[in-house]
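pasting the sequence and the predicted coordinates here, then a few questions.
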Amino acid sequence: MDELSGGVVDKLDPESAAFINASGLAKASPMGMGLYRIEPVGKVGSVRTATVQLEVRPKDRLGLSRLLFLLSYAGEQGFRDQSVDAVEHPDLWSALAESLAQLADKALSRGVLQGYLTMDESLRTVKGRIRISDQISRRPGMMVPLEVSYDEFTEDIAENRILRAALERMGQVPGVRPDVLSRLRQLKGKLDAVTRLQSGAPLPPWRASRMNLRYHPVLRLSEVILRNASAEAGVGKQQSASFVVDMGKVFEEFVGAALRSAMSAHPGETRLQYGALLNEAVRDSDRITVRPDAVHFLGGRPVVVYDTKYKAASDAGASLSADHYQLLAYCTALRVPTAWLVYAGSGEMKLRRILNTDIDIVEYPLDLSRPPAEILASVADLAEQSWGEVVRQAVAGGPPSD
């Protein structure tokens, strides 16, 4: 179903209905006689068990490649001008599994990547350097064993741990085609010497470099899978998998990261999720704060504010009036004359002057169905236009601060 649809009525067993509700992807409400009303709740993705699969797709029929681009852009590793390579397929799980298999095969075609890993051990001989403070605190007055640190050239590095974990997780998804499942297992077999990541543990950090360049595409996809997908299989468990994404949060994080990058070409700095006081208050309990998605500062003062809305005014459940009330509050609290409302959708940019104020609110559409390079170009245009407005206001009221 589409994320903006009204839902469907279908037969479900109680276990599958409970799994759908627990996943957070949709709400399954019993109607009697084994029928359930299944309604989207603002998330997109897919949940699958051995007996049922439910997919909630993004509005405007965004493909997997576009979804992965948005997810990956604002991630810890981040990337700028390209999308994660992905196989487009009507079934999200088939697309994810096939994409991961293809990218992993390409990354490992020249062998498993090796790198230096710092090891801390207790040895009877000197290797690397002695950790003097640890030696004194742990073994005062003793000459051996020695607390040493040394660099080991090994396959057991963060890049391979992340890749192995992603291959394992996708290998547990029910209903993956046998040939793709076999490829995933063969690829994981190449990483058997790599330490297995513990379930729920944070992903180990890695740094993009020329040495691990061939791993970049598969690592981006692997991190998306590990952060957004879960899978369970084993004795006594119903085999199940879920990939659930909050598109409102994804859109907010993407625009924030892309806008901050684009605004770096201009003086000042862009702060994300900036908290500002809305009212005068003596006690902390009486304080009301607002938190715009992005604020650009010049000379230590805010000069323009941005807010993102994944739902456009024409979408079901959207409220144009509420969005403008919110932006009016931001401008008032920050003493900023112009706010930019960035929403996901097509259309023309529109300026609205708020009555009895000097505040302008500009509606700026960002069409996510376009290629990644064009989406980023639109964000760059947003940065240029909003900065031009800052300059215009400064000229009208005097020179801006540096």
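The structure has been received and is ready for your questions. Numbering: from 1, shown residues only.

ok, L219 touching R164?
No - using C-beta atoms under 8 Å, L219 makes no contact with R164, being 11.6 Å away. Quick note: C-beta positions are derived from backbone N, CA and C, even for glycine.

which of these two has more neighbours?
Comparing L219 with R164 by other C-beta atoms under 10 Å, the one with more neighbours is L219, at 25 against 22.

quickly find the element holding the more buried one.
For L219, the element it lies in under DSSP states H and E is helix 216-228.

ok, Y116 next?
Using DSSP H and E, Y116 falls within strand 115-123.

downstream of that strand, the next helix or strand is which one?
Next along from strand 115-123, by DSSP H and E: strand 129-130.

lowest-confidence helix or strand of this structure?
strand 229-232 (a mean of 73; mean pLDDT, DSSP states H and E).

circling back to that earlier point, buried stuff in the helix holding L219?
Neighbour counts over helix 216-228 (16 or more other C-beta atoms under 10 Å) mark H216, P217, V218, L219, R220, L221, S222, E223, V224, I225, L226, N228 as buried.

what helices or strands is that helix leaning on?
Under the contact criterion of 3 or more C-beta pairs under 8 Å, 6 or more residues apart in numbering; DSSP states H and E, helix 216-228 touches helix 64-73, helix 92-108, helix 158-171, strand 240-245.

got the angle between that helix and helix 158-171?
60 degrees (axes from the mean of the first three to the mean of the last three C-alpha atoms, to 10 degrees).

what mean pLDDT does helix 216-228 have?
Helix 216-228 comes out with an average pLDDT of 88.

please export the C-alpha coordinates of that helix as CSV.
Coordinates of the C-alpha atoms in helix 216-228 are reproduced here as CSV (Å, rounded to 0.1, in the frame of the first residue of the first chain):
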residue,chain,number,x,y,z
HIS,A,216,32.3,2.2,-0.2
PRO,A,217,29.1,1.2,-2.1
VAL,A,218,28.5,-2.1,-0.2
LEU,A,219,29.3,-0.4,3.2
ARG,A,220,26.8,2.3,2.5
LEU,A,221,24.1,-0.3,1.8
SER,A,222,25.2,-2.5,4.7
GLU,A,223,24.9,0.4,7.2
VAL,A,224,21.4,1.2,5.9
ILE,A,225,20.4,-2.4,6.3
LEU,A,226,21.9,-2.8,9.8
ARG,A,227,20.3,0.5,11.0
ASN,A,228,16.9,-0.1,9.6
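
now the angle from that helix to strand 240-245?
Per the same axes, to 10 degrees, the angle that helix 216-228 makes with strand 240-245 is 100 degrees.
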